[in-house]
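Trainee: need coordinates for the below:
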Amino acid sequence: MFEIASVFRVSVGVLVAMLVALFVVYWFVRDITQKRHTVLRNFPVIGHLRFFFENLGEYFRQYLFLNDREEMPFNRATRAWVYRLAKNEGGILGFGSTYELSQSGALVFVNAAFPVLDGEFQPTPPVIIGEGWCDKPFAARSVINISGMSYGAISQPAVRALSRGAGISGCYMDTGEGGLSPYHLEGGCDVIYQIGTAKYGVRDASGQLDPEKLREVAAHENVRAFEIKLSQGAKPGKGGVLPAAKVTEEIARIRGIPFGKDSLSPNRHPEIGNMDELLDMVERVREITGKPVGIKTAIGGRQFMHQLVDAVHRRGQGSAPDFLTIDGGEGGSGAAPQALADHMAMSINEALPRVVDALIESGLRERIKVIASGKLVTPAKVAWALACGADCINSARGYMFSLGCIQALRCHQNSCPTGIATHVPRLQRGLVVEDKAERVAAYTRNLNKEVEMIAHACGLRHARQFRREHVRIVQPNGQSMALNMLYPYPPIR
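Mentor: This is a model prediction of the structure:
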């Protein structure tokens, strides 16, 4: 019996070896005869190692080869900071910072000789949007808020966790262009409804804005404002893209689109071809809903703001948007063509001061509130945006990190390993809504708290007192320059 078993094992081993050899021969012949890859024609079989390591390198460089401040789009130090805030572990470090203070673009805040004492702190006041210009103005309570990420681009448990976390911490949540789902309302948070170029959720059969559906959305008490999206930082000049694999029956129903087909938004609103038509739509949506209406756009130059303020002065301040959401060209939570993601639209570092200056110069700064977005995920960047003149800050990827995002760069492939940007149930299972909601809330609270800490160190009683003279930017020569010297406040018209 023992001899039979030994012979059987030998036979199985020989069979396996023969199959492996046949497979290698097949692989060798296929590689050496194919005409597409030079490496495989010259180095059959072993040439596949090159593609294997190239594929894995994208995901392992961040752990094995790059230091804490090197990686893009977010380096390990930045991600670790967000993780600590979301886990209530505090932003404390030892033995000095790895932040290079002589590097061009570094932020340096001007500390006060006599900072504000604990008893002199004041709570950061809310920003009132639309006051005096619509029936139901909106009070934005938090400095940092959740930027537009549509249900479809991110998963059901991700939306639920964000909604609950926002409800706990008092920040608002932007729906993104994918329409309003029950999961946005689940946490009881304030919601800004984004009207994208395809008008998902408020469209009729022909894709036009449906007033009745708009009223139905506005009837939800938690929907506090509406945002007309012209473009986003990830892909200015191109509409949203949701692959067919992510268009589930529920998402198709919410958006009002066919199930199981690619969801492609137009690259602009078909009925908006100039500034007057844009302001016509702002007034129309505000009249139908009775709530504040704003515009979201990336900025490519001075022309947009010049046309906007000229049109508002010509038509009257009642025609103005109640807020502008300015997205920097470095935005990028959505899938986007690399040509646009890399090279289209100004960075928020340049766009935000230009927009605020245009509003100050035209006398519209008090009428139109400004929301800034674009890699503003740390207290220093948020404080910088406030100093530039922003009223609120939106973040998408900061909140994705708070949900557990590991920057796997698979958002567009429906295979996100953390369950955030996928509709595969097995992967979604890893995202526990109750736990992640607490992390979203903690990130919001702690980020607001650390922004206020920077303000107090600058001698300010609360974060809305930041001005440009409180920030210095390091120049290419290693010397810093005050932000109010780089971008002087313009005279009021």
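Trainee: going along the chain, name the helices of the stretch 251-400 of the chain.
Mentor: For the stretch 251-400 of the chain, the helices defined by DSSP state H, counting those that start in this stretch cover 275-289, 303-315, 338-343, 348-362, 379-388, 397-403.
Trainee: could you measure the residue lying closest to residue 190 once chain neighbours are set aside against residue 127, distance?
Mentor: Ranked by C-beta to C-beta, 6 or more residues apart in numbering and with sequence neighbours excluded, the top spatial neighbour of residue 190 is residue 172, at 3.9 Å. No exception for glycine: its C-beta is placed from N, CA and C like everyone else's. Per C-beta to C-beta, to the nearest Å, residue 172 is found 11 Å from residue 127.
Trainee: can you check residue 347 too?
Mentor: Counting by C-beta to C-beta - residue 347 and residue 127 are separated by 24 Å.
Trainee: check residue 491 too.
Mentor: 25 Å.
Trainee: hang on, the earlier thing: make JSON lines out of the helices of the stretch 251-400 of the chain and add mean neighbour count, distance to residue 140 and mean pLDDT.
Mentor: Listed next are the helices of the stretch 251-400 of the chain as JSON lines, based on neighbours: other C-beta atoms under 10 Å; distance: least, C-beta to C-beta, whole Å; pLDDT from 0 to 100:
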{"stretch": "helix 275-289", "mean neighbour count": "18", "distance to residue 140": "17", "mean pLDDT": "97"}
{"stretch": "helix 303-315", "mean neighbour count": "17", "distance to residue 140": "21", "mean pLDDT": "95"}
{"stretch": "helix 338-343", "mean neighbour count": "13", "distance to residue 140": "28", "mean pLDDT": "68"}
{"stretch": "helix 348-362", "mean neighbour count": "22", "distance to residue 140": "17", "mean pLDDT": "95"}
{"stretch": "helix 379-388", "mean neighbour count": "25", "distance to residue 140": "13", "mean pLDDT": "96"}
{"stretch": "helix 397-403", "mean neighbour count": "28", "distance to residue 140": "16", "mean pLDDT": "92"}
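Trainee: give me the neighbour count for the residue nearest to residue 428 when sequence neighbours are not counted.
Mentor: Excluding the flanking residues, the one nearest residue 428 by C-beta to C-beta, 6+ apart is residue 419, at 4.4 Å. Neighbours of residue 419 under the rule other C-beta atoms under 10 Å: 26.
Trainee: now do residue 419 against residue 32, distance only.
Mentor: 42 Å.
Trainee: list the residues that contact residue 150.
Mentor: By C-beta atoms under 8 Å, 6 or more residues apart in numbering, the contact list for residue 150 reads 175, 176, 177, 178, 179, 194, 200, 240, 242.
Trainee: 7 Å instead?
Mentor: Residue 150 sits next to 175, 176, 177, 178 when contact means C-beta atoms under 7 Å, 6 or more residues apart in numbering.
Trainee: ok, so of the residues you listed, who is nearest residue 19?
Mentor: residue 178 (48.4 Å; C-beta to C-beta).
Trainee: all set, thanks.
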